[in-house]
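# the following comprises the amino acid sequence and a computationally predicted model.
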Amino acid sequence: MMVERLQTFGEITLSKQVLQALSEMGFEEPSPIQKEALPLALNGVDLIGQAQTGTGKTAAFGIPITEKVNPKFQAVQALVLTPTRELAVQVSEEIAKICKYRHIKPLPIYGGQSIDRQIRALRYGCQVVVGTPGRLLDHLNRGTLRLPYVKTVVLDEADEMLDMGFIEDIESILKEVSAEDRQLMLFSATMPLEIRRLAQRYMREPHTITVSRDELTVPLIDQVFYETREKIKVDALCRIIDTEDIGQGIIFCRTKRGVDELVAALEARGYFAEALHGDLSQQQRDRVMKRFRDGKTELLVATDVAARGLDIDKVTHVINFDIPQDPEGYVHRIGRTGRAGRKGQAITLISPKEYRQLRLIEQLIKTRIRRQELPSLSDISERQAENLKNQLIKLIQKNHLGAYRSIAGALLEEYDSMEVAAAALKYAVEGPDAEQREEDDEISFGNTGAAAGMVRLFMNIGRVQQIRPQDIVRWIAEESGVPGNIIGMINIYDKFTFVEVPEEYAQRVLGCMHQNMIKGRKVNVEPAKAR
Ligand SMILES: Nc1ncnc2c1ncn2[C@@H]1O[C@H](COP(=O)(O)OP(=O)(O)OP(=O)(O)O)[C@@H](O)[C@H]1O
Ligand SMILES: [Mg+2]
């Protein structure tokens, strides 16, 4: 059958409310999968839709669901199944945006969340349920969720859902939906042949849409690999982090334990990263995800729980610290970057023994992954020098140099301009007492000494080379709004730091600083004895 190609959402028969919502979401024209899937899906046929990561599969089923659900009828009419909790939340939110003007209520239902709260929400009523299989079954068994009026079922990440781990649950759930006039749609960026075959069992003459041209991966993602030995893998990773210009990155490990160990190893080296895996409580998972989505965490270290579906636009890098187990996993992992037309960088670390796995991935994606050599230490310092230079250029261009100009003027009368500039740079990078720092365990800073009326605040930072007293001053000033010049002595010890502030400011400083960050490190502030 020829599939009709459409140019705008307006050319598809969509309600005014949905068109309005799509335009508010910034969707100007349908993506390729949407162009092909929407007319078929709206007609009610079963379909299997395969399209590259980040190309709008969610809306390809979210729009038809929104159009088909009757807002006046208070019963669950559509069901979307996802493999992870985070994805259930995200898909439910995207559907909520699409049906903003249709008075339809989607509800995410997933494990780890209070079941009582879910029962109340279900009783209150919703028309679209987006959930993970285990928890949905739980509700079906308790009788707190019934599906007799469900007409549309979607398996997002269908190949994963029909894989061994989930298939029994999926079958049990499908049994609860009347097969009579049920529409079943499967979506994924990968759809292995055996899964397509298996899917026939549940589908009626499904239409198959395959959008990806030759490559399974998005061409805007640059893909490289580094060969490294197991022993120096963490150091290799750190060098890569130091040289890449990472906006936000997801680092994948094979196991939960591997994730925790890598987070600890990164922290010990002064990098801040957060872990995401299935052993965390749901509250922790939610918190980690929120901070990452809000751009507060730069690096997320995760198991494959984050491999599929997650849509976070600022992710510039995906790093496979461990090579994925199966080639499909690679496609999904690296697909967390380079979404909706953006560029992305995918980096894979392999040991000499893992070339075979790498070749299998290349075969599947029909693309060569380029080999790169690890950056040397001099590459890194070159890179840092470059960054520093760029920051200075920005400052010069902004031209807000105020009082610093007169200091510069005074210095230039006595010293050579090269000397002055170089000293200023050294001060900026290494801090005021860089020379001594290596010898001393304790670093002090400040000029007021133990002035009267000052309190000492205890900060749990640990001593890190990159954090200097002036970082702390600037950070306190930014976070609490108190002027930097009221801060007195700063003592940096090996494991903690004391900062002196006038008593009247102490409350304000304390108030903003619980669990805050300096240069990516968590900081707890507690009051210590007044002097
Ligand atoms: N027509 C469109 N115009 C502009 N942006 C769109 C359009 N359709 C979807 N998007 C946006 O593109 C991003 C990626 O979409 P989505 O998450 O649905 O991708 P996906 O195909 O499901 O990817 P994955 O295989 O990783 O699950 C989302 O932020 C979504 O809001
Ligand atoms: Mg998706």
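Everything's here; your move. Ligands and ions are numbered 1, 2, ... in the order given.
# next SSE downstream of the longest helix along the chain?
For the chain, the longest helix by residue count, based on DSSP state H, is helix 377-398. Counting by DSSP states H and E, the next helix or strand C-terminal to helix 377-398 is helix 404-414.
# what is the helix or strand that that next one is followed by packed up against?
As assigned by DSSP H and E, the chain's next helix or strand after helix 404-414 is helix 417-430. In terms of contacts (3 or more Cβ pairs under 8 Å, 6 or more residues apart in numbering; DSSP states H and E), helix 417-430 is packed against helix 377-398, helix 404-414. Backbone N, C-alpha and C define where each C-beta goes, glycine included.
# list the buried residues for the longest one?
Spelled out, it's helix 377-398. Judged by neighbour count using 16 or more other Cβ atoms under 10 Å, the buried positions of helix 377-398 are Ile380, Arg383.
# now do it against helix 404-414, angle only.
110 degrees (axes from the mean of the first three to the mean of the last three Cα atoms, to 10 degrees).
# tell me how far helix 377-398 lies from the chain's centre.
Centroid separation for helix 377-398 versus its chain: 27 Å, with Cα atoms, centre = their mean, to the nearest Å.
# dump it to CSV, keeping only the CA atoms.
Provided in CSV are the C-alpha atoms of helix 377-398 (Å, rounded to 0.1, in the frame of the first residue of the first chain):
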residue,chain,number,x,y,z
LEU,A,377,48.0,15.1,29.7
SER,A,378,49.4,17.9,27.5
ASP,A,379,46.2,17.8,25.3
ILE,A,380,44.3,18.3,28.5
SER,A,381,46.3,21.3,29.7
GLU,A,382,46.2,22.7,26.2
ARG,A,383,42.5,22.4,26.3
GLN,A,384,42.2,24.0,29.7
ALA,A,385,44.5,26.9,28.6
GLU,A,386,42.2,27.3,25.6
ASN,A,387,39.1,27.4,27.9
LEU,A,388,40.8,30.0,30.1
LYS,A,389,41.7,32.1,27.2
ASN,A,390,38.1,32.0,25.9
GLN,A,391,36.7,33.0,29.3
LEU,A,392,39.1,36.0,29.4
ILE,A,393,38.2,37.1,25.9
LYS,A,394,34.5,37.0,27.0
LEU,A,395,35.3,39.2,30.0
ILE,A,396,37.3,41.7,27.9
GLN,A,397,34.4,41.9,25.4
LYS,A,398,31.8,42.4,28.2
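# how about residues contacting that helix?
Arg239, Asp242, Thr243, Pro375, Leu401, Leu425, Ala428, Val429 (Cβ atoms under 8 Å, 6 or more residues apart in numbering).
# next, count neighbours for whichever residue of the stretch 101-250 of the chain sits closest to ligand 1.
When scored by Cβ to the nearest ligand atom, the stretch 101-250 of the chain has Ala189 as its residue closest to ligand 1, at 4.0 Å. For Ala189, the tally of surrounding residues (other Cβ atoms under 10 Å) stands at 25.
# give the buried residues for stretch 185-200.
Buried, per 16+ other Cβ under 10 Å, within stretch 185-200: Met185, Leu186, Phe187, Ser188, Ala189, Thr190, Met191, Pro192, Ile195, Arg196, Ala199.
# point me to the helix or strand that includes the third one.
So the one you mean is Phe187. Per DSSP H and E: strand 183-188 holds Phe187.
# do the last one as well
In this structure, Ala199 is located in helix 193-199 according to DSSP H and E.
# just the CA coordinates for that helix, please, in PDB.
What follows is helix 193-199, C-alpha atoms only, in PDB (Å, rounded to 0.1, in the frame of the first residue of the first chain):
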ATOM      1  CA  LEU A 193      13.100 -10.000  13.000                       C
ATOM      2  CA  GLU A 194      12.200 -12.500  15.700                       C
ATOM      3  CA  ILE A 195      10.300  -9.800  17.600                       C
ATOM      4  CA  ARG A 196       8.400  -8.900  14.500                       C
ATOM      5  CA  ARG A 197       7.500 -12.500  14.000                       C
ATOM      6  CA  LEU A 198       6.400 -12.900  17.600                       C
ATOM      7  CA  ALA A 199       4.300  -9.800  17.400                       C
END
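# export the next helix or strand after it to CSV, keeping only CA atoms.
As assigned by DSSP H and E, the chain's next helix or strand after helix 193-199 is strand 207-210. Extracted in CSV, the C-alpha atoms of strand 207-210 (Å, rounded to 0.1, in the frame of the first residue of the first chain):
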residue,chain,number,x,y,z
HIS,A,207,1.2,-2.5,8.9
THR,A,208,4.9,-2.1,9.3
ILE,A,209,6.5,1.3,9.0
THR,A,210,10.3,1.5,8.8
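# what about Asp416, neighbour count?
10.
# measure it to ligand 1 for me?
54 Å (Cβ to the nearest ligand atom, to the nearest Å).
# do Ile380 as well
Distance from Ile380 to ligand 1, by Cβ to the nearest ligand atom: 32 Å.
# hang on, the earlier thing: lowest mean pLDDT across the helices and strands packed on helix 417-430, which one is that?
For the helices and strands packed on helix 417-430, mean pLDDT drops lowest on helix 377-398, to a mean of 81.
# show me what from the stretch 301-450 of the chain comes close to ligand 1.
Taking Cβ under 6 Å from any ligand atom as the criterion, the stretch 301-450 of the chain approaches ligand 1 at residues Gly309, Asp311, Gly335, Arg339, Ala340.
# pull the most distant pair out of the buried residues of stretch 185-200.
Met185 and Pro192 (17.7 Å; Cβ to Cβ).
# show me what the helix holding Ala199 is packed against.
With 3+ Cβ pairs under 8 Å, 6+ apart as the test, helix 193-199 has helix 158-161 packed against it.
# which strands and helices sit next to the helix it packs on?
So helix 158-161, by 3+ Cβ pairs under 8 Å, 6+ apart, packs with helix 164-175, strand 183-188, helix 193-199.
# dig out what Gln183 forms beta bridges with.
Thr152 (DSSP bridges).
# where in the stretch 301-450 of the chain is pLDDT low?
430-450 (pLDDT under 70).
# ok, now which ones touch the residue in it that ligand 2 sits nearest to?
Using Cβ to the ion, Gly309 is the residue of the stretch 301-450 of the chain that sits closest to ligand 2, at 4.2 Å. Listed by Cβ under 8 Å, 6+ apart, the contact set of Gly309 reads Thr82, Pro83, Thr84, Leu87, Gln90, Val91, Asp156, Glu157, His332.
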